[in-house]
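> the sequence and its predicted three-dimensional model are supplied below.
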There are 2 protein chains.
Amino acid sequence: MTTPLSGRRAQAARNDEVILEAARTVFMRTPDAPIAAVAQEAGVGVSALYRRYAGKEDLLATLCADGLRRFIQAADEAERLDDPAAQLDAFVRGVIAQDVHSLTVHLAGTFTPTPELGELSAEATARGDAIFRRAQDAGAVRADLETTDLAMVFEQVTAVRLDDPARTAVLRDRYLTLLLDALRPQAATGTLPGPAPTGAELGARWVPRR
Amino acid sequence: MTTPLSGRRAQAARNDEVILEAARTVFMRTPDAPIAAVAQEAGVGVSALYRRYAGKEDLLATLCADGLRRFIQAADEAERLDDPAAQLDAFVRGVIAQDVHSLTVHLAGTFTPTPELGELSAEATARGDAIFRRAQDAGAVRADLETTDLAMVFEQVTAVRLDDPARTAVLRDRYLTLLLDALRPQAATGTLPGPAPTGAELGARWVPRR
DNA sequence: CTGGACCGGAATGCTTCGTTCCGTTAGTCT
DNA sequence: AGACTAACGGAACGAAGCATTCCGGTCCAG
C-alpha cells in the first residue's frame, strides 16, 4: 500500500526520489560537484542517474526549476499571513531555510536556460516583488531599499556556510535576524549609498559563463 | 631617474611588482584561477612567474600574507581616529574596500599554512578584536554581538559580487552601510538567535581541504 | 663580441570528470 | 521452471584543464 508498484519497479520509483534528494543535498553543498558524488550520496551507481537524466545539465536544470518552485511556494505560504511585515519576514526566512538561493542562482550559468526556467524565474521575481512592495508601503521597510536588494540579502546570508549544515542553519538565522532588523526604517541613520542592483545586473547571472 | 636600474634589470624589477599586482587582481576575482591567467593579466609569460615563485602555493601564500598585512594596516589606520565607534566603522570599511577577505579566507585552505601566516593571522584577529571590544564597551554595538560576528559580516558583504569591479564596490558599500546600521544597539528589536561563531569554527577554514 | 640572465610560450604528464559500455541481478511472463 | 529484460553497479574511455618544465630567442653587461 505504501508502494502500489511491486518489486523491481517499486525500487526504481523509489530511486527517482532518492536520486533527486541526493542531488539536492550534494549540489547545495558543492555547486560544482561531480556526478559520481551524487551517485554515491544516493547509494546507487552512475548508470542509475543516466537512465533518468540525459546528462548533468539536465539534472541541474531540473534542480534549478525545483528551487524556483520552492521559492514561489515560500511566497504562497508567507502570503497566508495578514500583516505585510510578517509576510516579508516569513517569506525571507522561508527562502533562506530551504537554501533556495544555492539551488537557483548558484546553479544558473552552468547550463543553457530553458523557456520553462525563464517563466518560473519571472514569476518568482514578481512574487517576491509583490511581498516586498506591500511591506514597504505599510512602512515596515526603509524607503531607500528596493526589491532587487532582497536578492542581494539572500546572496549575503547564503554566503554564511560552515562544514556542519545544522550549525550553518543556526548561524544564517542569526544574521538573517540581524539583517531583518536592518531593513526597518527605524534602523536607518542615513540614506544608503549607490543605486540598488538593476534587473539586468541580477539577470546576468542566468547566462552561461564563458 | 625613475629607474635607477638600467635596461634588463630594471625590466625585471618592474615585473616583480606587475606580477604581484596581476596575481592580486586575478585571484581576488577568481580564487581558483590558473597560473596562466595571472601571466596573461601581467602581460608576461609563465616562466617569468616561475622564476620568482617556487610554485602556485608559494604565490598564493605570499598573497595571503599580503592580505593579512593589509588587514592589520586597516586596523592601524582606524585606530588613528578618536571615537571608538568611528574606529570600528573605518576599520570595517577599510577591510571591505581592499577586499581583504578574498585575499585571506578565500585563499586559505588552498595551500599548507606557514608559521608566519599563523602569526599574522593571530595578530590580525587580535587587532580586530580590540577595535570591536572598544566600540562595544562604548555602547556603539549591540550587546548580543561578538567579535567573531565581524568575520561573518566580512564574509557576507564579500559575497556581493558582480562582473564589474567598480559596480561591485558601490554595491558592497550599500550593504555595508546597511549592516553597520544593524550593528547599533538602537536597531535591535530582540536578541539574536544562536551562539556566535567560535574561534575553532572560523579557524577551520585555514586547514587544507581534502 | 659574447656569456648568461630573463623571457615567451609550446610541450609534457597528470588529474579530474562526463559519459559510455558491459557483465550481473532479480522481477516478470509464459 | 526457464528464458527475457528493465534496471543496475562500476570499470573503462576520452576530453579538458592545468601546474610545471623545457627549449630556443633577446638583449644588456663587461
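Structure's in. What do you need?

> C-alpha from now on. contacts and neighbour counts both.
Will do.

> leaving out sequence neighbours, find the closest residue to A:Ala86.
Spatially, and ignoring its direct neighbours in sequence, A:Ala86 is nearest to A:Ala78 (7.8 Å; CA to CA, 6 or more residues apart in numbering or on different chains).

> all helices of chain A, in order?
Assigned by DSSP state H, the helices in chain A fall at A:7-29, A:35-42, A:46-52, A:56-78, A:84-97, A:100-103, A:115-137, A:147-158, A:165-183, A:199-203.

> quick one: is the fourth one near DNA strand D?
Read that as helix A:56-78. No. If you take CA under 7 Å from any atom of the strand as the test, helix A:56-78 misses DNA strand D, and the best it gets is 13.3 Å.

> can you list contacts of that helix?
Helix A:56-78 is contacted by residues A:20, A:23-24, A:35, A:53, A:86-88, A:90-91, A:94-95, A:98, A:100-101, A:103-104, A:107-108, A:110-113, A:116-117, A:120-121, A:123-124, A:127-128, A:131 when judged by CA atoms under 8 Å, 6 or more residues apart in numbering or on different chains.

> avg pLDDT for that helix?
Confidence over helix A:56-78, taken as the mean pLDDT, stands at 97.

> could you do the shortest one as well?
Averaging pLDDT along helix A:100-103 gives 94.

> how about the most centrally placed residue in chain A, nearest residue that isn't a chain neighbour?
Residue closest to the average C-alpha location in chain A (CA atoms, centre = their mean): A:Val100, at 1.6 Å. In space, A:Val100 comes closest to A:Gly67 once its chain neighbours are excluded; the distance is 5.5 Å by CA to CA, 6+ apart.

> can you report how many residues neighbour that neighbour?
25 (other CA atoms under 10 Å in any protein chain shown).

> can the lowest-mean-pLDDT helix or strand in chain A be found next to chain B?
When the helices and strands of chain A are scored by mean pLDDT, DSSP states H and E, helix A:7-29 comes last with a mean of 89. No. For a cut-off given as CA under 8 Å from any CA of the partner chain, helix A:7-29 has no contacts with chain B; the smallest distance is 14.2 Å.

> list the buried residues of that helix.
Buried residues in helix A:7-29, counting neighbours by 16 or more other CA atoms under 10 Å in any protein chain shown, are found at A:15, A:18-20, A:22-29.

> in CSV: the residues you listed, plus distance to B:Ser47.
Converted to CSV, the buried residues of helix A:7-29 look like this (distance: CA to CA, whole Å):
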residue, distance to B:Ser47
A:Asn15, 51
A:Val18, 49
A:Ile19, 46
A:Leu20, 46
A:Ala22, 44
A:Ala23, 42
A:Arg24, 42
A:Thr25, 42
A:Val26, 38
A:Phe27, 37
A:Met28, 39
A:Arg29, 37
